[in-house]
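> pasted the sequence and its predicted model underneath.
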Amino acid sequence: NFHPYEIILDDSAGNSFIENPHAPDKDPNLCHEKYYRTPKQDMALGLQPSQEAMKDGTIDDRNPAHKNVANVAKRGHDIEVSLGRINTTTSGESLGRQEALTFPATCPSCRRDTETSMCTIDIPHFKEVIIMSLVCDECGYRSNEIKAGGGV
């Protein structure tokens with residue numbers, strides 16, 4: 001005997017993935033809603049608050065100055081992100097080449113065309129690392145990899 005049910009998953013980290021049994025078509029029973037994290041949600045994930053929030057000694061979700069632009073999604077947000085600000089340490093050292101390479105890829109989940117982004121970052125006192133990220137806009141699949149770069 002089947003009883004309808006509803007599952008609500010609120011994942012502010014964006015790490016959840018629900019398999020689509022109808023892939024590559026959209027799942028008619030799935031409602032997917034994207035949103036931007038609040039400054040308090042950023043803090044819960046261990047992300048650094050803005051300088052303004054640290055100066056105020058509190059985090060106010062209603063104050064746009066409390067949102068650290070380094071914690072904002074790259075695509076489609078109304079806060080402009082400055083590469084120079086994101087890719088620097090607290091001492092002002094550059095962390096990377098300040099460029100992300102994007103190349104065509106195929107989603108391993110739904111087999112649709114998508115893109116993979118790759119960025120090389122030099123972490124002071126550690127080594128150069130390569131960060132790769134794939135996000136499928138069709139099915140929502142996400143994959144991230146961090147690989148050692150540079151010489152041995």
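Yep, it's here.
> and the helices in this protein?
In the chain, the helices defined using DSSP state H lie at 39-44, 51-56, 83-86.
> now the second one: mean pLDDT?
The average pLDDT for helix 51-56 rounds to 89.
> could you find the closest non-adjacent residue to Glu115?
Nearest residue to Glu115 in three dimensions, chain neighbours excluded: Thr102, at 5.0 Å (CB to CB, 6 or more residues apart in numbering). Quick note: C-beta positions are derived from backbone N, CA and C, even for glycine.
> tally of neighbours for the one you found?
11 (other CB atoms under 10 Å).
> just checking, what packs against the longest strand seen in the chain?
Counting by DSSP state E, the longest strand found in the chain is strand 113-122. Applying 3 or more CB pairs under 8 Å, 6 or more residues apart in numbering; DSSP states H and E, one finds that strand 113-122 contacts strand 101-106, strand 128-135.
> re the thing from before, ok, which of the helices of the chain comes nearest Met118?
Closest approach to Met118 among these is made by helix 83-86 (15.1 Å; CB to CB).
> next up, the contacts around the nearest residue to Tyr141 once chain neighbours are set aside.
Once flanking residues are discounted, Tyr141 sits nearest to Ser109: 4.0 Å by CB to CB, 6+ apart. Neighbouring residues of Ser109 by CB atoms under 8 Å, 6 or more residues apart in numbering: Glu19, Asn20, Ala23, Cys136, Cys139, Tyr141.
> where does the prediction get shaky in this protein?
Confidence mapping of the chain against pLDDT under 70 gives the ranges 71-99, 124-126, 150-152.
> if we go to 80?
Per-residue confidence for the chain (pLDDT under 80) gives these ranges: 1, 32, 34, 68-100, 121-127, 149-152.
> from Ile130, how far out is Leu101?
10 Å (CB to CB, to the nearest Å).
> ok, now Ser109?
23 Å.
> and for Gln48?
From Gln48 to Ile130 the distance is 23 Å (CB to CB).
> again, but for Met43
Separation of Met43 from Ile130 (CB to CB): 28 Å.
> Cys31 now?
36 Å.
> quick one: contacts for the residue lying closest to His32 once chain neighbours are set aside?
Using CB to CB, 6+ apart and skipping residues adjacent in sequence, the residue nearest His32 is Gly140, 6.5 Å away. By CB under 8 Å, 6+ apart, Gly140 lies in contact with Phe17, Ile18, Asn20, His32.
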